[in-house]
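Q: Prediction below, plus the sequence it came from.
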Amino acid sequence: MPHLTSTATGTAHTDIRLGFGIPGFAHPLVAPTEWSELTRPGAPLHWVVLNVSRGPGDRPDPHCLEAAGRLRNAGVRVLGHLDVTYGARGFGELVSDAHRYLDWYQVDGFSLDRCPTERAALPEVRRTVTTLRALCDDAHIVLGHGTHPYPGYAESADQLVTFSGPWSDYRWSQVAEWTADYPPERFCHFVHGMPRGHLDEALRIARWQGASTIYFTDRVVGGGGDEPWESMPGYWDEIVSRIGTGVSE
């Protein structure tokens with residue numbers, strides 16, 4: 001059994017309606033099937049991250065522009081990928097990348113990957129998020145911590161990625177008690193290396209821990225840290241049918 005118990009009241013959310021957050025498929029030329037599949041009617045998509053080249057790239061990419069346009073036409077929210085590098089990237093660099101995403105791809109918000117987790121870094125992250133919201137009306141902001149951060153981060157973003165890692169860790173993971181103060185719509189879980197036979201168990205963990213946005217895949221980490229997210233899992237059709245036929249938010 002996963003270690004999911006908590007002394008906090010209300011941490012078990014068994015009636016959560018789950019949907020997908022796509023952390024970032026490979027370039028549309030490399031993964032055309034994946035990008036095409038995202039416009040399937042009824043796929044429960046919350047958002048899709050557009051990662052052109054570790055960010056927006058140096059110039060508009062016509063293939064990414066076409067893919068983003070198809071998603072928007074299908075009612076799917078598209079987020080630009082901003083690599084915060086655990087606080088090492090400067091404010092100006094991040095804002096410059098955000099401008100390119102908005103000018104070239106008309107994104108609906110941003111996913112701040114490799115976001116810091118500690119309390120000391122919160123003011124700078126808050127400054128960045130405030131600026132992004134000023135640049136983009138109704139921007140959807142996701143902070144990609146990959147683990148539970150200092151609780152104050154929950155006040156600065158629409159969603160937090162509180163787990164990103166292998167199935168071998170996820171199945172024994174434990175939710176932070178402070179997350180019980182927020183609805184499941186605020187949290188995301190990304191799990192790689194998850195075998196098909198454990199799909200029901202993984203869905204139960206997500207619901208129990210109160211995360212409504214998920215991405216599970218049987219792909220594993222190779223030579224690069226983002227490789228498991230670049231293609232669809234072998235059980236994509238099955239997980240779509242398990243979650244239901246909800247429409248994109």
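A: Great, that's in hand.

Q: in the longest strand along the chain, what's buried?
A: Taking DSSP state E as the criterion, the chain has its longest strand at strand 159-166. With burial defined by 16 or more other C-beta atoms under 10 Å, the residues of strand 159-166 counted as buried are Q159, L160, V161, T162, F163, S164, G165. C-beta here means a position set from N, CA and C on the backbone, and glycine is covered the same way.

Q: Can you list the neighbours in contact with that strand?
A: When contacts are defined by C-beta atoms under 8 Å, 6 or more residues apart in numbering, strand 159-166 is touched by residues 21, 23, 140-149, 153-154, 170, 173, 175-176, 179, 185-193, 209, 211, 213, 220-221.

Q: Kindly report the same for stretch 121-137.
A: Contacts of stretch 121-137 (C-beta under 8 Å, 6+ apart): 84, 87, 91, 94-95, 98-99, 102, 107-110, 112, 115-116, 139, 141, 143, 150, 152-153, 156-157.

Q: isn't W35 right up against H27?
A: No - if you go by C-beta atoms under 8 Å, W35 and H27 don't touch, sitting 9.1 Å apart.

Q: more neighbours, those two?
A: Neighbour count, other C-beta atoms under 10 Å: between W35 and H27, W35 has more, with 25 against 17.

Q: which ones are touching the more buried one?
A: Residues in contact with W35 (C-beta under 8 Å, 6+ apart) are F25, P28, A67, R70.

Q: Could you turn the buried ones of those into a PyMOL selection?
A: Paste this into PyMOL to select the buried members of these, with burial taken from 16+ other C-beta under 10 Å:
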select buried, resi 25+28+67+70
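
Q: Point out the ones among the contacts of W35 that are inside helices.
A: A67, R70 (DSSP state H).

Q: need the contacts of W35 in TSV with pLDDT and distance to D61, can you?
A: Formatted as TSV, the contacts of W35 follow (pLDDT from 0 to 100; distance: C-beta to C-beta, whole Å):
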residue	pLDDT	distance to D61
F25	95	14
P28	96	9
A67	96	9
R70	95	14
